[in-house]
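*Asks:* Make a model of this:
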Amino acid sequence: MTTVVPTSEEDPVLYVVRFTAEMSWAEAGPEVAEQQVSSLCLEAQECMVAGRWLDLASLMVTSADLVFSKASDKDLESIYTIICNLVKKPESLDELLEMAKLLSTKIAQPNDKPALRLKILFNLYNMLENPYSRFIVYKNALKLAKEGKVIEHIIPSFRKIDSLLKEWDLGVQDQRELFLAISNIFKEHKSSPKETLKFLTKYLAAFSGEDSHVLEEAKEEAACAIIEFVKAPDVFQHDLLEMPAVAQLEKDSKYALVYQLLKIFQTQRLDAYLDFYTTNSALLQSYGLVHEECIAKMRLMSIVDLASNESGRIPYSSIKDTLQIEADEVETWAVKAITAKLVDCKMDQMNQVIRVSRYTERVFGHHQWQALREKLATWRGNIANVITTIQANKVTEEGAQSMQGLAIR
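*Replies:* So this is what the prediction gives:
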């Protein structure tokens with residue numbers, strides 16, 4: 001097998017053009033092949049002389065793509081390293097962005113060797129210095145990872161997404177596209193409803209302040225976010241109800257019932273869910289929701305609701321009736337709530353009550369922030385009073401010591 005190892009004085013770019021052209025036309029016969037190879041090499045030279053770097057990049061990446069299934073991985077890495085290096089040639093930002101878009105779009109075809117293509121895209125990303133051109137490449141990498149089913153290779157990069165966002169300095173529309181693409185990757189991966197919901201929420205938050213016409217664009221994803229919240233076994237607190245993109249579903253002909261389901265899971269108890277299920281079981285099944293899992297989550301949500309309304313003491317009987325369980329299951333569900341970090345409590349078996357010292361708010365919106373503000377203000381006032389008392393006692397003590405000293409003299 002031929003290998004890309006330039007040994008002559010020929011320019012590496014021309015060598016790659018010749019190498020890929022010869023491989024592409026090898027089956028056409030010597031006469032046809034020689035003519036086509038010479039024509040491509042001549043065109044490449046003209047592009048280099050005239051500084052038409054975008055045209056050169058298009059010629060090279062098109063030829064390279066034709067041999068992607070024929071060349072070895074080692075050869076392809078060498079070929080694309082030389083092609084991608086062309087991004088250092090353009091002097092204008094517009095041409096650089098066009099080249100980044102051209103190369104990344106061509107490379108991101110999921111047909112052959114998607115993992116290798118993704119590696120090449122990351123190499124291209126690292127060659128670029130302009131932040132937005134990097135974003136263009138990353139967006140195509142996301143597309144390739146999803147369509148080429150090599151998601152596991154790009155998921156680690158999501159841990160750095162906040163720092164990448166600062167670097168790219170994206171506009172609102174680009175942020176929406178990015179968050180939606182990442183949430184779709186997690187959804188495809190089927191590994192973490194929590195992560196899917198996290199990026200769907202970021203997507204929906206990017207619609208804050210928009211008018212109703214723009215908000216309509218987010219209806220489907222808002223409904224999807226609700227379903228992901230209900231599905232996620234370890235997500236119990238969320239501000240979805242506070243988001244305009246979600247609130248618009250309340251009176252929507254298609255998604256009003258989905259919105260109602262969210263209100264049940266964020267503000268009501270198990271009995272409300274069971275009533276909803278009785279008349280809407282087909283709807284829940286159509287969204288892939290499992291009834292037993294929904295019951296389990298609503299039981300935990302109901303314990304939190306009891307904790308917030310029973311002044312720190314929840315009778316075993318209240319838990320039994322609210323969760324619709326047997327008496328001997330009460331403590332089991334209390335332990336589950338503790339394990340999920342929804343409450344801190346102690347079980348008083350003698351008096352058949354659970355004593356709650358802390359509970360997690362199911363919704364943390366404007367009302368909860370106001371309550372927290374008032375608590376902090378109270379604590380601040382109490383601390384100020386303590387400091388004032390200590391200082392007053394200190395002055396009194398120092399005065400007493402001074403008087404005692406005078407009496408001794």
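
*Asks:* For the helix or strand harbouring residue 38, give me every contacting residue.
*Replies:* Using DSSP states H and E, residue 38 sits within helix 30-50. Helix 30-50 is contacted by residues 11, 13-14, 17-18, 21-22, 24-26, 28, 52-53, 55-56, 59-60, 63 when judged by CB atoms under 8 Å, 6 or more residues apart in numbering. For glycine as for every other residue, the C-beta is placed from the backbone atoms N, C-alpha and C.

*Asks:* my guess is residue 61 contacts residue 107, does it?
*Replies:* Yes - the criterion here is CB atoms under 8 Å, and residue 61 meets it with residue 107 at 7.1 Å.

*Asks:* hmm, back to that, past the helix holding residue 38, which element shows up next along the chain?
*Replies:* helix 53-66.

*Asks:* buried residues in that next one?
*Replies:* 53-54, 56-61, 63-65 (16 or more other CB atoms under 10 Å).

*Asks:* that older thread, buried ones in the helix holding residue 38, by neighbour count?
*Replies:* 33, 37, 40-41, 44, 47-48.

*Asks:* check which helix or strand covers the residue nearest to residue 141 when sequence neighbours are not counted.
*Replies:* With CB to CB, 6 or more residues apart in numbering as the criterion, residue 141 has its nearest non-adjacent residue at 4.6 Å, and that residue is residue 121. Using DSSP H and E, residue 121 falls within helix 114-127.

*Asks:* and that helix with helix 53-66, angle?
*Replies:* When axes from the mean of the first three to the mean of the last three CA atoms, to 10 degrees is applied, the directions of helix 114-127 and helix 53-66 differ by 160 degrees.

*Asks:* Quick check: residue 352 touching residue 315?
*Replies:* Yes - if you go by CB under 8 Å, residue 352 and residue 315 touch, sitting 6.4 Å apart.

*Asks:* sorry, back to before: let's have the buried residues of helix 53-66 in CSV, adding pLDDT.
*Replies:* Converted to CSV, those look like this (pLDDT from 0 to 100):
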residue, pLDDT
53, 95
54, 95
56, 94
57, 94
58, 93
59, 93
60, 92
61, 92
63, 88
64, 89
65, 88
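
*Asks:* what's around the residue nearest to residue 141, how many residues?
*Replies:* Per other CB atoms under 10 Å, the neighbour tally for residue 121 reads 25.

*Asks:* For it, give me its contacts.
*Replies:* 104, 107-108, 137, 140-141, 144.

*Asks:* contacting residues for residue 116?
*Replies:* 73, 76-77.

*Asks:* ok, of these, which one's closest to residue 217?
*Replies:* Of all those, residue 76 has the smallest distance to residue 217: 39.2 Å, by CB to CB.

*Asks:* is it fair to say that closest one lies in a helix?
*Replies:* Yes - under DSSP: H, G, I helix; E, B strand; the rest coil, residue 76 falls within a helix.

*Asks:* and it, what does it touch?
*Replies:* By CB under 8 Å, 6+ apart, the contact list for residue 76 reads 64, 68, 113, 116, 120.

*Asks:* distance of residue 143 from residue 119?
*Replies:* 15 Å (CB to CB, to the nearest Å).

*Asks:* rewinding a little: how about the helix holding residue 121: buried residues?
*Replies:* Neighbour count says helix 114-127 has 114, 116-125, 127 buried, by 16+ other CB under 10 Å.

*Asks:* and if you look at stretch 179-188?
*Replies:* Applying 16+ other CB under 10 Å to stretch 179-188 flags 179-187 as buried.

*Asks:* Show me the residues you listed that map onto helices.
*Replies:* Cross-referencing those against helices under DSSP state H gives 179-187.

*Asks:* Format the residues you listed as JSON lines; extra columns: pLDDT.
*Replies:* As requested, those are arranged in JSON lines below (pLDDT from 0 to 100):
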{"residue": "179", "pLDDT": "97"}
{"residue": "180", "pLDDT": "96"}
{"residue": "181", "pLDDT": "95"}
{"residue": "182", "pLDDT": "95"}
{"residue": "183", "pLDDT": "94"}
{"residue": "184", "pLDDT": "92"}
{"residue": "185", "pLDDT": "93"}
{"residue": "186", "pLDDT": "91"}
{"residue": "187", "pLDDT": "88"}
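
*Asks:* All set now, cheers.
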